[in-house]
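> When you get a sec, could you give me coordinates for this:
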Amino acid sequence: MSSRRKIVTVVGARPQFIKAAMVSRRIAAHPELREVIVHTGQHFDNNMSAVFFEQLGIPSPAYNLEVNSLSHAAMTSQMMLRLEPVLTAEKPDIVLVYGDTNSTLAGALCAAKLGIPVAHVEAGLRSFNRNMPEELNRVTTDHLSSLLFCPTDTAVRNLRQEGVEQAGARIVQCGDVMLDAARFYGQFSAEHSDIIKRLNLRQFALCTLHRAENTDDISRLTSIVEALEQIHRETPVILPLHPRTRRVLSEHGRPPAITVIEPVTYFDMLELLKACSIVLTDSGGLQKEAYFFGKPCVTLRDETEWVELVECGANVVSGVDSSAIHSAVRSMMNHRANFSRSFYGDGHAAEHIMKELSVVGPVA
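Model (predicted):
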């Protein structure tokens, strides 16, 4: 019988592929660890899924559950139904999940029900908005997990205040794997991307828009689009458009009068981040990546999990009112923020995670 500790990693969405790329590389180099990757299928479009595995050097998934395009409840339940026999057959020592998606919740719930320890990367984040599906996913996952990998001091405080240690969980402040990825792939992204030249970009604002709280409310979405159109008249706005956002805008006959492009690869996104003047986003991850590359950010939401970025002046939460967004962009374009603070660790989060995973749980 092999003495290698087995980890089943459950991923399904684009940000998870990027985080997993860093950790999986470390796991693969450890002689006592073996990883089995399960792709839930949550992101299935090639630009949102397959190309990430190819470009980032992530091992091909051993399983693809092919669950997508369903309601939150249906998606989560189908993932669990298809994941349970996988975990039963593989008998892992620990199940590793990332972030706050339905794939995260399904992986954590299924593992916990089977008595398998759960490790959660990017634990402890809180928006304190229970109307966000992501908030429900992350809170539930944290309280199901045995090992909680926190990216920031704030995340650690949140978990301690919620008493997870009293339930036997271990909290580890490891730093943020997205910083690892930005530093590692940012070194050679220009070798794999010609997007700046191809789109003939000079000064521009980079925008992403996909959160359900914005896309599922046409009044919020319309207000954001109106703001982007106003900004575009002064500074070109580049919007790699998420398939869900594209569908909603098409259904309501509201194509935005800005530069809309297809979803981009991670290398393309890194090059866009390096070259842009400002970031506008409702993504959690892109707020951090903007900071990593020294770019001011306007968050198109009513709150953010990354409160340290607001406190240091690198990010402003604008809400979705058109005039407020426009005003925030103008203010941030003229504001010189301090990007030198090390909120997100030492750039070796994946290594810290790998070391913890190598000693947790019984050896198979």
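> just the helices in the stretch 201-350 of the chain please.
In the stretch 201-350 of the chain, the helices defined using DSSP state H, counting those that start in this stretch lie at 212-215, 218-232, 243-251, 266-275, 284-292, 307-311, 322-333, 349-357.
> so which of these comes closest to V260?
helix 243-251 (8.1 Å; Cβ to Cβ). Backbone N, C-alpha and C define where each C-beta goes, glycine included.
> by contact count, what packs against the closest one?
Contacts defined by 3 or more Cβ pairs under 8 Å, 6 or more residues apart in numbering; DSSP states H and E place helix 243-251 against helix 212-215, helix 218-232.
> pLDDT of that helix, averaged?
Helix 243-251 shows a mean pLDDT of 89.
> got the contact list for that helix?
For helix 243-251, contacts defined as Cβ atoms under 8 Å, 6 or more residues apart in numbering pick out 45, 48, 209-210, 215-216, 218, 221, 225, 241, 255-256, 263.
> Among those residues, show me the least confident.
Scoring the contacts of helix 243-251 by pLDDT puts M48 last, at 49.
> need the least confident one among the helices and strands packed on helix 243-251, by mean pLDDT.
Ranked by mean pLDDT, the helices and strands packed on helix 243-251 end with helix 212-215 in last place, scoring a mean of 90.
> Check which residues of that one are buried.
213-215 (16 or more other Cβ atoms under 10 Å).
> mind putting those residues in CSV, distance to E84 included?
CSV is the format used below for the buried residues of helix 212-215 (distance: Cβ to Cβ, whole Å):
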residue, distance to E84
E213, 30
N214, 33
T215, 31
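> quick check, distance from stretch 146-155 to the centre of its chain.
Distance of stretch 146-155 from the chain centroid (Cα atoms, centre = their mean, to the nearest Å) equals 15 Å.
> what about that stretch, average pLDDT?
Averaged over stretch 146-155, pLDDT sits at 97.
> Drop anything exposed from the contacts of helix 243-251.
By neighbour count, with 16+ other Cβ under 10 Å, these hold 48, 209-210, 215, 221, 225, 241, 256, 263 as buried.
> Kindly reformat these as a markdown table containing distance to R82.
As requested, the buried ones among the contacts of helix 243-251 are exported to a markdown table (distance: Cβ to Cβ, whole Å):
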| residue | distance to R82 |
| --- | --- |
| M48 | 20 |
| L209 | 30 |
| H210 | 25 |
| T215 | 26 |
| L221 | 32 |
| V225 | 37 |
| L241 | 29 |
| P256 | 37 |
| P263 | 25 |
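> Just flag the most distant two among these.
Taking Cβ to Cβ, no two of the buried ones among the contacts of helix 243-251 sit farther apart than M48 and V225, at 21.4 Å.
> all strands of this protein, in order?
Counting by DSSP state E, the chain has strands at residues 5-11, 33-39, 63-64, 94-98, 118-121, 147-150, 170-173, 205-208, 237-240, 259-261, 278-281, 297-299, 315-317.
> Need those strands in TSV (columns: mean neighbour count and distance to E54).
Formatted as TSV, the strands of the chain follow (neighbours: other Cβ atoms under 10 Å; distance: least, Cβ to Cβ, whole Å):
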stretch	mean neighbour count	distance to E54
strand 5-11	26	15
strand 33-39	21	13
strand 63-64	18	15
strand 94-98	28	19
strand 118-121	27	22
strand 147-150	26	26
strand 170-173	17	31
strand 205-208	25	22
strand 237-240	22	18
strand 259-261	16	20
strand 278-281	24	25
strand 297-299	28	29
strand 315-317	22	32
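> Reformat the ones you listed as TSV; add distance to V23.
Formatted as TSV, these follow (distance: least, Cβ to Cβ, whole Å):
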stretch	distance to V23
strand 5-11	8
strand 33-39	9
strand 63-64	18
strand 94-98	7
strand 118-121	7
strand 147-150	9
strand 170-173	13
strand 205-208	23
strand 237-240	25
strand 259-261	29
strand 278-281	24
strand 297-299	25
strand 315-317	26
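> Please name whichever of those is nearest to M80.
strand 5-11 (10.6 Å).
> Now the lowest-mean-pLDDT helix or strand in the chain - C-alpha only, PDB.
Lowest on mean pLDDT, DSSP states H and E among the helices and strands of the chain sits helix 50-56, with a mean of 75. Output of helix 50-56 as PDB, limited to C-alpha atoms (Å, rounded to 0.1, in the frame of the first residue of the first chain):
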ATOM      1  CA  ALA A  50      -9.700  24.300 -20.900                       C
ATOM      2  CA  VAL A  51      -7.200  27.000 -22.000                       C
ATOM      3  CA  PHE A  52      -6.300  27.600 -18.300                       C
ATOM      4  CA  PHE A  53      -5.300  24.100 -17.700                       C
ATOM      5  CA  GLU A  54      -3.200  24.100 -20.900                       C
ATOM      6  CA  GLN A  55      -1.500  27.500 -20.400                       C
ATOM      7  CA  LEU A  56      -0.900  27.300 -16.600                       C
END
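> tell me what it is packed against?
Using 3+ Cβ pairs under 8 Å, 6+ apart, helix 50-56 sits against helix 14-28, helix 266-275.
> that older thread, please tabulate the helices and strands packed on helix 243-251 in a markdown table and include distance to N158 as additional columns.
Below are the helices and strands packed on helix 243-251 laid out as a markdown table (distance: least, Cβ to Cβ, whole Å):
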| stretch | distance to N158 |
| --- | --- |
| helix 212-215 | 20 |
| helix 218-232 | 26 |
